[in-house]
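Chemist: Pasted the sequence and its predicted model underneath.
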Amino acid sequence: QIQVLNPGQLSGATATPPIISPNEDGIQDSVLLQYTLLQPGTVRLRLQDEGGSTVYEQLVPDQRQGVTYQLEWKGRAQDGSSLPDGLYTLSLVLLDPVTSLEMPLIEKFMVTVDTQPPTIQDVVPIAGAEIPVHSAFSVVVHDAGADETLTGVYITVDARLEQWELENVDGRYTLMDTSSFLLPAGNHTIHFHAEDHAGNHARLSVSYKVVAGERPILRFINYPNPFSAGSVTHLLISLGQPIRGGNLRIYDGAGDLVFYRDMKDVGLVPQEYRIPWDGRNLHGDLLSRGVYFAELRIDSDNQNVGRSDRIQRHKVAIW
């Protein structure tokens, strides 16, 4: 936010935007200062870093009283070089018309320079996966720049311009309305986009093969694998056909049941589902290191679905 300190011989002073990314991409590359003088004189624009060192100055002489002026700072140091990301103070100073000394009252604006784009990671479904026509996508996005506010996370498909917004759900940006997101069968590229408050933009492109109703279970894995007990892994289930019901079970090496989930609590339509497991048994106790055996069973009204397509098994490792 802009902070104005010590209003004086300048009236109606503003500086926008308060956060910039001077990387010459045409988006929030500079700060525009606007002000009206209450008396004639020369104005000095000064930029100081967080340590108080002056890194940029500009003199604007012979400005008239009552006239609204604009100055642009392009986010660079005096020699035109790039400045480190961080918080800077922009000062507008009026010089005494007789002595040329700075008058005591100054307008100050706090401006943030942030040139670091967000990072997109932990994409679900994983790259190269076979996915159903209705698929739920999610990512983790971090903004390591000076400003940590994301203004938009969304996906686009192939070369299409249409955007689908992702919502933040427990730290993951997720496509919530999969019913309106339909992919035709074939190979497609999903582009994950993230934008921050400074106008920085990141994009990650991931390719998938969309399968239309060939099998009821397209994929059954967990990620991460292995994982440590007490942390969280996700059982990823991609359904290629509607199912009537089913369940997910995990057994230990002795064949004892340690986890159970009814699929009716998850969903029955063709898309990808994420079921979290923290490595605890049915009593809430942390399990020891080792290999565990996950089994997914589904019930289908499709008479062409054989027994081998109704049961999928997968090894889950705890370390």
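Modeler: All right, it came through fine.

Chemist: And the nearest residue to residue 151 once chain neighbours are set aside, what's its pLDDT?
Modeler: Sequence neighbours aside, residue 195 is the residue nearest to residue 151 in space, at 5.2 Å (criterion: CB to CB, 6 or more residues apart in numbering). Heads up, the C-betas are built off the backbone N, CA and C, glycines and all. Listed pLDDT for residue 195 reads 94.

Chemist: what sits up against the host helix or strand of residue 195?
Modeler: Take DSSP states H and E as the rule and residue 195 turns out to sit in strand 186-196. Outside strand 186-196, the residues within contact range by CB atoms under 8 Å, 6 or more residues apart in numbering are 114, 117-118, 120, 123, 137, 139, 141, 143, 145, 147-158, 163, 173, 201-210.

Chemist: Just checking: what are the partner strands of that strand?
Modeler: Next to strand 186-196 in the sheet, as set by DSSP bridges, lie strand 150-157 (antiparallel), strand 201-210 (antiparallel).

Chemist: Measure how far the last one is from the centre of its chain, please.
Modeler: In terms of CA atoms, centre = their mean, to the nearest Å, the centre of strand 201-210 is found 14 Å from the chain centre.

Chemist: Which residues are in contact with the closest residue to residue 167 other than its chain neighbours?
Modeler: Distances taken as CB to CB, 6+ apart place residue 176 nearest to residue 167, at 5.2 Å, with adjacent residues excluded. Residues in contact with residue 176 (CB under 8 Å, 6+ apart) are 166-167, 169.

Chemist: Next: residue 15.
Modeler: Neighbouring residues of residue 15 by CB under 8 Å, 6+ apart: 2, 31-34, 90, 109, 111.

Chemist: what about 6 Å?
Modeler: Residue 15 makes contact with 2, 31, 33, 90, 109 under the criterion CB atoms under 6 Å, 6 or more residues apart in numbering.

Chemist: Likewise for residue 295?
Modeler: Counting by CB under 6 Å, 6+ apart, the residues that residue 295 touches are 249, 313.

Chemist: In the helix or strand harbouring it, which of the residues would be classed as buried?
Modeler: Per DSSP H and E: residue 295 is located in strand 290-299. Neighbour counts over strand 290-299 (16 or more other CB atoms under 10 Å) mark 292, 294, 296, 298 as buried.

Chemist: Of those residues, which is the nearest to residue 258?
Modeler: Nearest to residue 258 out of the buried residues of strand 290-299 is residue 292 (CB to CB; 6.7 Å).

Chemist: The closest one and residue 279: what is the separation?
Modeler: 9 Å (CB to CB, to the nearest Å).

Chemist: Where do the helices of the stretch 151-300 of the chain begin and end?
Modeler: For the stretch 151-300 of the chain, no helices are identified by DSSP state H, counting those that start in this stretch.

Chemist: what ranges do the strands span in it?
Modeler: For the stretch 151-300 of the chain, strands defined by DSSP state E, counting those that start in this stretch occupy the ranges 164-165, 167-169, 172-174, 186-196, 201-210, 217-223, 233-239, 245-251, 257-262, 272-277, 290-299.

Chemist: before we move on, the earlier item: which one, of the strands paired with strand 186-196, ends up nearest to residue 77?
Modeler: strand 201-210 (24.3 Å).

Chemist: Would you mind getting the angle between the closest one and strand 217-223?
Modeler: 140 degrees (axes from the mean of the first three to the mean of the last three CA atoms, to 10 degrees).

Chemist: Hmm, residue 252 is touching residue 258, no?
Modeler: Yes. Using CB atoms under 6 Å, residue 252 is in contact with residue 258, at 5.4 Å.

Chemist: what bits of the stretch 201-319 of the chain have low per-residue confidence?
Modeler: Scanning the stretch 201-319 of the chain for pLDDT under 70 picks out 213-214, 265-267.
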